[in-house]
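> sharing a sequence plus its predicted fold:
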Amino acid sequence: MQSIQAGAAFSNVSAMYQNIRYEGVGEVQRGTGDCSVSLRAQGLSHPRKGTTLYGKACYEAGRLLDVAWRETSDYDRLRPYGLADDFTGSLTKRGYGFSGGWARENGNATIGLSASYEARAEYRQSDPRPLNICSKGEIEASAALYSKPLKTMFCVDAGMELYHQSNNVLFANRKTGLFEYNMLGMGEYSQRFSGNKTDAAFRGTAWLMGVETLTRNNLRTSTFVMAGNTRWILMNINSLPLARLRTLSVSHRAIYQTRRGTTLCLGGKAQTRQGVEGIFGAGVDVAYPKLGEERRYHETAYHAQISIMRQWRRGRYTLACMPAIAAKGKKESYAIKEKKLTFHNVYPSWTIRLEKRWELWRMALETTAGARLNVGKVLAGTGDDDTPIAKMVYCNATRQTRSFPFADMRILGNGIMGNVKYFWNLQGSVYKIRGTRARLSYALSCGIDF
């Protein structure tokens with residue numbers, strides 16, 4: 001964190017409305033879009049030389065549209081596990097979060113502490129009626145040291161995360177009750193504990209380690225390793241530990257900027273997920289002895305991107321262009337049925353940005369054009385099963401491997417009115433799948449600095 005003038009304080013208040021669409025290009029569990037509004041306030045102060053304090057608070061409300069085959073929140077974190085049925089409906093969400101930190105600089109050394117807490121509820125007011133309450137707390141410590149011979153600052157980060165979700169599905173009209181599946185990997189489900197076993201909890205911990213560097217020749221690098229373990233517990237049968245999901249991810253990012261206005265950015269992330277499922281003996285009432293565990297689900301995913309940005313300045317105008325290419329892929333399998341899904345997608349894109357500055361304000365126009373191209377797909381082990389779950393698995397595989405073009409446009413502006421700075425950002429995105437109409441998303445954010 002860079003030093004600023006002692007006694008200075010900065011604050012920011014912003015609001016954002018977004019209506020994002022992703023129908024037909026992602027898994028059905030993600031729904032067809034996200035319509036929400038959020039408020040955010042953050043501040044930073046420098047009470048005395050070498051000391052910095054900062055904090056942030058946010059609130060969000062909205063809906064996840066047309067979610068299918070999922071009654072559990074935090075799909076990206078918990079998949080493929082959770083409660084599900086063949087009902088499609090929107091989820092209402094409400095959430096808030098707080099974060100803050102402290103940093104102290106002493107000569108060539110800097111230390112810092114940060115913490116955050118998030119809580120969210122998701123629910124539906126028609127059958128089936130899930131009520132999911134999620135909470136997540138994080139704490140992180142950092143230490144940095146500047147080396148004069150190497151002209152480089154080295155920073156080490158370490159952190160811990162605690163996660164909890166209570167998940168329950170109710171039916172107001174018992175005559176319309178659906179069969180609730182306790183989903184496993186690749187469209188499998190627990191034959192033994194599905195049905196009316198709808199009271200579940202997810203409890204997890206995660207650890208984070210990272211190393212960051214910053215050199216005087218504008219080279220920045222960061223490498224992080226994160227490991228997590230989340231337990232899936234069925235609460236209405238004596239807290240039966242149905243499964244565990246273990247994750248391990250490694251991410252790296254490097255940014256190099258030359259004196260001529262060229263910036264090179266490299267980034268990537270690799271992640272593995274393993275589902276360890278319990279083996280249980282014959283039950284007496286609601287007690288089932290645990291006989292052992294077996295690793296049945298496995299997933300490996302990656303994401304890599306490279307981009308080059310070049311800027312030209314003339315008077316009050318700045319022109320920038322950035323070609324980029326990204327690659328994403330995933331391989332998941334389920335041991336018992338020998339099911340497997342593998343795919344690789346490539347995302348080429350080109351961004352152009354034009355900015356003009358005036359005395360008290362400036363405005364920029366930015367546009368991006370690109371495409372998603374599938375370069376490999378394998379789906380095996382599903383057979384000729386015509387059940388609704390099998391159709392869902394096939395639909396997800398098709399959606400994740402579709403090729404389509406997309407375009408994005410942003411109009412940004414900021415200015416000064418008295419002692420207050422204001423800013424705004426209007427963004428629109430569109431993509432087109434062959435044989436369907438174009439899908440449009442948009443977002444508007446605005447705020448003030450004082």
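Yep, that arrived.

> only C-alpha atoms from now on, for both contacts and neighbour counts.
Fine.

> residues in contact with the residue in the chain sticking out farthest from the centre?
Residue farthest from the centre of the chain, counting by CA atoms, centre = their mean, is residue 284 at 41.5 Å. If you count contacts by CA atoms under 8 Å, 6 or more residues apart in numbering, residue 284 has none.

> please name the bridge partners of it.
residue 287 (DSSP bridges).

> burial of residue 282, as a residue count?
As a burial measure, residue 282 scores 9 neighbours (other CA atoms under 10 Å).

> is it in a helix, a strand, or coil?
coil (DSSP: H, G, I helix; E, B strand; the rest coil).

> tell me how many other residues crowd the residue nearest to it when sequence neighbours are not counted.
Closest residue in space to residue 282, ignoring its immediate chain neighbours: residue 288 at 6.1 Å, by CA to CA, 6 or more residues apart in numbering. By other CA under 10 Å, 15 other residues sit near residue 288.

> with residue 319 instead?
17.

> residue 203 reaches residue 164, doesn't it?
Yes. Taking contacts as CA atoms under 8 Å, residue 203 lies within contact range of residue 164: 4.6 Å.

> returning to that earlier point: quick one: contacts for the residue nearest to residue 282?
240, 280-282.

> got a quick PyMOL command for the buried subset of those?
To isolate the buried members of those in PyMOL, using 16 or more other CA atoms under 10 Å:
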select buried, resi 240+280
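
> which of the contacts of residue 288 sits closest to residue 171?
Checking those against residue 171 with CA to CA, the nearest one is residue 240 at 22.7 Å.

> I'd like to know how far that closest one sits from residue 372.
According to CA to CA, to the nearest Å, residue 240 stands 42 Å off from residue 372.

> what residue lies at the spatial centre of the protein?
residue 76 (7.2 Å).

> now the element after the host helix or strand of that one, going C-ward?
Using DSSP states H and E, residue 76 sits in helix 75-78. Toward the C-terminus, helix 75-78 is succeeded by strand 82-84 as the next helix or strand (DSSP H and E).

> list the buried ones in that following strand?
82-84.

> check the secondary structure at the nearest residue to residue 204 once chain neighbours are set aside for me.
Spatial nearest neighbour of residue 204, chain neighbours left out: residue 230 (3.9 Å); criterion: CA to CA, 6+ apart. Judged by three-state DSSP, the three-state class of residue 230 is strand.

> which residues does residue 230 contact?
With CA under 8 Å, 6+ apart, residue 230 has these contacts: 78, 202-205, 244-246.

> now, which of these sits nearest residue 442?
Using CA to CA, those come closest to residue 442 at residue 78, 28.0 Å.

> count the residues that sit near the nearest residue to that closest one once chain neighbours are set aside.
Setting aside the residues directly before and after it, residue 78 is nearest to residue 245 in space (CA to CA, 6+ apart), at 7.5 Å. Residue 245 has 24 neighbours, counted by other CA under 10 Å.

> my guess is residue 267 contacts residue 250, does it?
No. When contacts are counted by CA under 8 Å, residue 267 is not listed as touching residue 250 (11.0 Å).

> and for the closest residue to residue 417 other than its chain neighbours, the neighbour number?
Once flanking residues are discounted, residue 417 sits nearest to residue 360: 7.9 Å by CA to CA, 6+ apart. For residue 360, the count of nearby residues is 11 (other CA under 10 Å).

> report the contact partners of residue 360.
Applying CA under 8 Å, 6+ apart, the residues near residue 360 are 415-417.

> poorly predicted segments of the stretch 51-200 of the chain, please.
174-177 (pLDDT under 70).

> typo on my end, the stretch 351-450 of the chain
383-384.
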